[in-house]
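**Q** need a 3D model of the sequence below.
(2 chains)
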Amino acid sequence: MRLLAEGLSARRGEDLIFNDISFALGAGDALVVTGPNGSGKSTLLRVLAGLLQAESGRLRIEGGPAEFAHPHELSHYLGHRNAMKRELTVRENLSFWQRFMGDSPGGSGVDIDAAAEAVGLAGITHLPFGYLSAGQQRRMAMAKLLVAYRPIWLLDEPTAALDAGADRLFAALVTAHLERGGIIIAATHQPLGLGSTQSLQMKGFTH
Amino acid sequence: MIALFFRDLKLSVRAGGGTMIGVLFFMTVVAVVPFGVGPDLNLLSRIGPAMLWIGALLASLLGLDRLFQAEREDGSLDLLLMQETPLLMTVFVKCAAHWAATGLPLVIASPLLGLFMNMNELAIGATMLTLLAGTPAITFIGAVGAAVAVALPRGGLLVSILVLPLAIPVLIFGVSAVYAAIEDPAPFLPPFMILMAITLFFAVIGPVAAAAALRHSAD
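**A** Next up is the predicted model:
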């Protein structure tokens, strides 16, 4: 399966945020998007996630399951906010997303205990999500990537609020996903600890 | 989809959710009427059905603005928008859960409040039935307002103002069906059928419009 972007550009209000971005990612490829604040990293990821309309350009999947019209249906999106409810327990949150999202063809998610184990927080899934610290909340949001299978992961500043140990843990998750033939696009300031990756330097428009 | 229904139900019952607030507001509005109008039992039983309906209408508008805003604030809305399941199904299920958590308790509380208003059994029964048929329409209309105002920080009052004019027909036909049931010459079925038609109509139009508004609210 390949993810192809051709000549993408996006607009916020009057201004073009970025223009003519193209890339091709095959199974097992990662793309790291870097650049200063305001250069359009998050906007690019939101366009890829189908949450913002691209001004021009095309985004398509080659050799994937035929019934999916747009790549966002095959993607996980981890944004700045964790998409978890503070009032519900971690287990209720994760099991909701697991059942609501379902698995994409070609893989299956792990169960909730295994996902919590993988982010190093086994044994606290009975706590309300709001009781966790910021770093623990972020880790649990990553566990969400594991409970339902999606071949493409779109990660926006995934390692914000994480300590060094969690950074390494996250790098291991990312590597495992790539080895299974997944695709990762991550916007980040810090290195993700990945080996061979493509990178995209966003410059932003000067006014 | 069932998972979404039960999650929303849990959220509204737990930790300051809308359920209790709606019912308490409903009780407050109806309970102060006898104090304001005075102890004229005939008058109370005459205006009772209308008061119950007005109270229920205002109470069901109360929690509507949080329907999508809460999802947007914690980022869940992004994920709901991305899924393969059609957005309009997601919106429909959220409305159904919202009604089950806030509309249904109002229907269940209405007989008790009917006693406050010195209503007889027939009037109480008719009010309950019309509330059961009519309150879903308010939720579906409200979903459109909630979706339009999703990005506004203090959208609560705006949602009520946007939604209220569209909810007026529901009120008119709900109340006139109750009066038709308790006063002899007028037939009960025509206004009740129109009330049902309004509910069914908005059950289709509401989710479609709300889904379109949510798609365009993305930032």
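**Q** which pLDDT value goes with B:Gly156?
**A** B:Gly156 carries a pLDDT value of 78.
**Q** same question for the one 4 residues further on.
**A** Note for B:Ser160: predicted pLDDT of 87.
**Q** count of neighbours near it?
**A** 18 (other C-beta atoms under 10 Å in any protein chain shown). For glycine as for every other residue, the C-beta is placed from the backbone atoms N, C-alpha and C.
**Q** would you say it is within a helix?
**A** Yes: applying DSSP: H, G, I helix; E, B strand; the rest coil, one finds B:Ser160 inside a helix.
**Q** and it, how far from chain A?
**A** B:Ser160 sits 24 Å away from chain A, going by C-beta to the nearest C-beta, to the nearest Å.
**Q** not counting its neighbours along the chain, what's nearest that residue?
**A** Nearest non-adjacent residue to B:Ser160, counting by C-beta to C-beta, 6 or more residues apart in numbering or on different chains: B:Leu61, 4.7 Å away.
**Q** likewise A:Gln137?
**A** Per C-beta to C-beta, 6+ apart, closest to A:Gln137 is A:Asn82, 5.5 Å.
**Q** doesn't the one you found belong to a helix?
**A** No: A:Asn82: not assigned to a helix; according to three-state DSSP it is coil.
**Q** residue contacts, it?
**A** Counting by C-beta atoms under 8 Å, 6 or more residues apart in numbering or on different chains, A:Asn82 touches A:Gln137, A:Arg138, A:Met140, A:Ala141, B:Asp74, B:Gly75.
**Q** what pLDDT does the third one get?
**A** The predicted structure scores A:Met140 at 91 on the pLDDT scale.
**Q** could you confirm it falls within a helix?
**A** Yes: assigned with three-state DSSP, A:Met140 falls within a helix.
**Q** could you measure from it over to chain B?
**A** Distance from A:Met140 to chain B, by C-beta to the nearest C-beta: 13 Å.
**Q** close enough to count as contact, B:Met117 and B:Arg46?
**A** No: B:Met117 is beyond contact range of B:Arg46, at 9.3 Å (criterion: C-beta atoms under 8 Å).
**Q** the more surrounded of these two?
**A** B:Met117 (25 against 17).
**Q** returning to that earlier point: what about the helix or strand the residue nearest to B:Ser160 falls within, distance to the chain center?
**A** For B:Leu61, the host element (DSSP states H and E) is helix B:41-62. Centroid separation between helix B:41-62 and its chain, computed with C-alpha atoms, centre = their mean, to the nearest Å, is 14 Å.
**Q** quick one: average pLDDT of the very next helix or strand once past that helix?
**A** Next along the chain after helix B:41-62, taking DSSP H and E as the criterion, comes helix B:66-73. Helix B:66-73 comes out with an average pLDDT of 89.
**Q** one step back: alpha carbons of the helix holding B:Leu61, as CSV, please.
**A** Presented in CSV, the C-alpha positions along helix B:41-62 are these (Å, rounded to 0.1, in the frame of the first residue of the first chain):
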residue,chain,number,x,y,z
LEU,B,41,-57.2,25.1,41.3
ASN,B,42,-59.4,25.4,38.2
LEU,B,43,-57.0,27.9,36.6
LEU,B,44,-54.1,25.7,37.4
SER,B,45,-55.6,22.6,35.9
ARG,B,46,-56.5,24.6,32.8
ILE,B,47,-53.0,26.0,32.2
GLY,B,48,-51.2,22.9,33.6
PRO,B,49,-50.5,21.1,30.3
ALA,B,50,-49.2,24.3,28.7
MET,B,51,-46.9,24.9,31.7
LEU,B,52,-45.6,21.4,31.6
TRP,B,53,-44.8,21.7,27.9
ILE,B,54,-43.1,25.1,28.3
GLY,B,55,-41.1,23.7,31.2
ALA,B,56,-40.1,20.7,29.2
LEU,B,57,-39.2,22.7,26.2
LEU,B,58,-36.9,25.0,28.1
ALA,B,59,-35.4,22.2,30.1
SER,B,60,-34.5,20.3,26.9
LEU,B,61,-32.8,23.3,25.4
LEU,B,62,-30.6,23.6,28.5
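**Q** who's in contact with stretch A:169-178?
**A** By C-beta under 8 Å, 6+ apart, stretch A:169-178 touches A:28-30, A:118-120, A:139, A:142, A:145-146, A:153, A:158-159, A:162, A:184, A:186, A:192-195.
**Q** now list the buried members of the residues you listed.
**A** Buried members of these, scored by 16 or more other C-beta atoms under 10 Å in any protein chain shown, are A:29-30, A:118-119, A:139, A:142, A:145-146, A:153, A:158-159, A:162, A:184, A:186, A:192.
**Q** max pairwise distance over those residues: which two?
**A** A:Asp29 and A:Arg139 (24.9 Å; C-beta to C-beta).
**Q** how about the helices in chain A?
**A** Using DSSP state H, the helices of chain A run over residues A:41-48, A:90-101, A:112-118, A:134-147, A:164-179.
**Q** and these as JSON lines, adding distance to B:Met82?
**A** What follows is the helices of chain A, written out as JSON lines (distance: least, C-beta to C-beta, whole Å):
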{"stretch": "helix A:41-48", "distance to B:Met82": "10"}
{"stretch": "helix A:90-101", "distance to B:Met82": "9"}
{"stretch": "helix A:112-118", "distance to B:Met82": "19"}
{"stretch": "helix A:134-147", "distance to B:Met82": "13"}
{"stretch": "helix A:164-179", "distance to B:Met82": "18"}
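**Q** nearest to B:Thr85, out of these?
**A** helix A:90-101 (8.1 Å).
**Q** quick one on the thing from earlier: between the buried ones among the contacts of stretch A:169-178, which is closest to chain B?
**A** Nearest to chain B among the buried ones among the contacts of stretch A:169-178 is A:Leu145, at 11.3 Å by C-beta to the nearest C-beta.
**Q** dump the residue contacts of the residue lying closest to that closest one once chain neighbours are set aside.
**A** Using C-beta to C-beta, 6+ apart and skipping residues adjacent in sequence, the residue nearest A:Leu145 is A:His76, 5.0 Å away. Applying C-beta under 8 Å, 6+ apart to A:His76 gives the contacts A:Lys144, A:Leu145, A:Ala148, A:Arg150, A:Ile152, A:Trp153, A:Leu154.
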